[in-house]
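1. Take this sequence and fold it.
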Amino acid sequence: MRIGILQTGDAPADLRPESGDYPDMFQRLLDGRGFTFRTWRVVDLEFPATVHEADGWLITGSRHGAYEDHAFIPPLEAFIRDIHAARVPLVGVCFGHQIIAQALGGRVEKFAGGWSVGPTDYRFGDETLTLNAWHQDQVVAPPPGARTVAQSDFCAHAALAYDDRAFTVQAHPEFPDAFIRGLIRTRGKGVVPDPLLAGAEARMGPPNSAGRLADHIADFFTAPRQA
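-> Residues are numbered from 1 along each chain as shown. Okay, the predicted model is just below:
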C-alpha cells in the first residue's frame with residue numbers, strides 16, 4: 001500500500017541530522033507494516049496531480065497555524081475535501097489533525113489555556129495512551145460528521161474519526177523523547193513557559209504508546225472500505 005505524505009512544515013535544521021525530517025519520522029513509525037511512501041512538499045506548493053496517486057494520505061505537523069494566511073493552505077484544504085469525497089483514507093497528525101477539521105467545516109484556534117508539551121495521557125475510550133505532544137493550537141469545534149474518539153485533560157478533541165474516511169490525532173506519535181528534548185532546546189525556550197518545559201523533561205521515558213497508535217493508524221489504512 002502506497003502512503004502519500006503531505007509535508008506541511010520542516011523539523012528544525014539542527015535536529016534533522018539525527019532525527020530526519022517529518023516524513024522520515026513517519027516512515028520509522030510505520031516501518032514493518034507493508035507500506036511504501038512518497039512525499040509531496042505541499043508547504044512549497046508541491047501537490048499531487050490527483051487524490052489517486054496514493055492509496056492513503058498522511059498530513060504532517062507544522063509550526064504554521066491552520067488559520068494563518070499561507071499560500072499552501074487553501075489548495076491543501078481543497079485537496080483534503082477531494083480526498084474525503086473520493087473516500088481515500090486520510091490520516092492527520094497535529095497540524096494535519098487541525099487542517100483536516102478546518103477544511104471540513106470545523107474550527108481551530110490558538111488555545112487560551114496555553115501549551116501541551118511532552119508525554120501526555122490521552123483517553124481513547126477505555127484505553128489510556130501516553131503520547132508526546134507539542135502544540136498550542138487545537139480543534140475547538142469538530143466538523144459535522146466527525147466523532148471525537150480521544151481526549152486529554154488539556155484537549156477536548158484530541159482525536160477525531162470521520163467514519164472510514166479519516167482518522168486524526170493531535171498528539172505526535174512520530175516524535176520520540178529525544179526529538180521533544182531537541183524542540184525544547186530549539187523552539188521551546190522563551191516561547192513555552194519554563195515550568196511546562198521542565199515538567200515535560202521530568203515525564204519523559206516509559207511508558208510511551210507510540211507503537212500502539214502506529215498499529216491503529218496501520219489498521220485504519222488497511223481496513224476494508226465501501227466501494
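2. In space, not sequence, find me the middle residue of the chain.
-> The residue lying closest to the centre of the chain (C-alpha atoms, centre = their mean) is residue 93, at 0.8 Å.
3. Give the bridge partners for it, please.
-> residue 169 (DSSP bridges).
4. in terms of contact, does it touch residue 62 like I think?
-> No: using C-beta atoms under 8 Å, residue 93 is not in contact with residue 62, being 10.0 Å away. The C-beta positions use only the backbone N, C-alpha and C, and glycine is treated the same way.
5. got the buried residues for the worst-scoring helix or strand of the chain on mean pLDDT?
-> Ranked by mean pLDDT, DSSP states H and E, the helix or strand of the chain with the weakest confidence is helix 194-203, at a mean of 90. Of all the residues in helix 194-203, those buried under the rule 16 or more other C-beta atoms under 10 Å are 196, 197, 200, 203.
6. Show me which of those is closest to residue 179.
-> Of all those, residue 179 sits closest to residue 200, with 12.0 Å by C-beta to C-beta.
7. Could you check how far the nearest residue to the closest one once chain neighbours are set aside is from residue 67?
-> Spatial nearest neighbour of residue 200, chain neighbours left out: residue 118 (2.6 Å); criterion: C-beta to C-beta, 6 or more residues apart in numbering. Residue 118 sits 25 Å away from residue 67, going by C-beta to C-beta, to the nearest Å.
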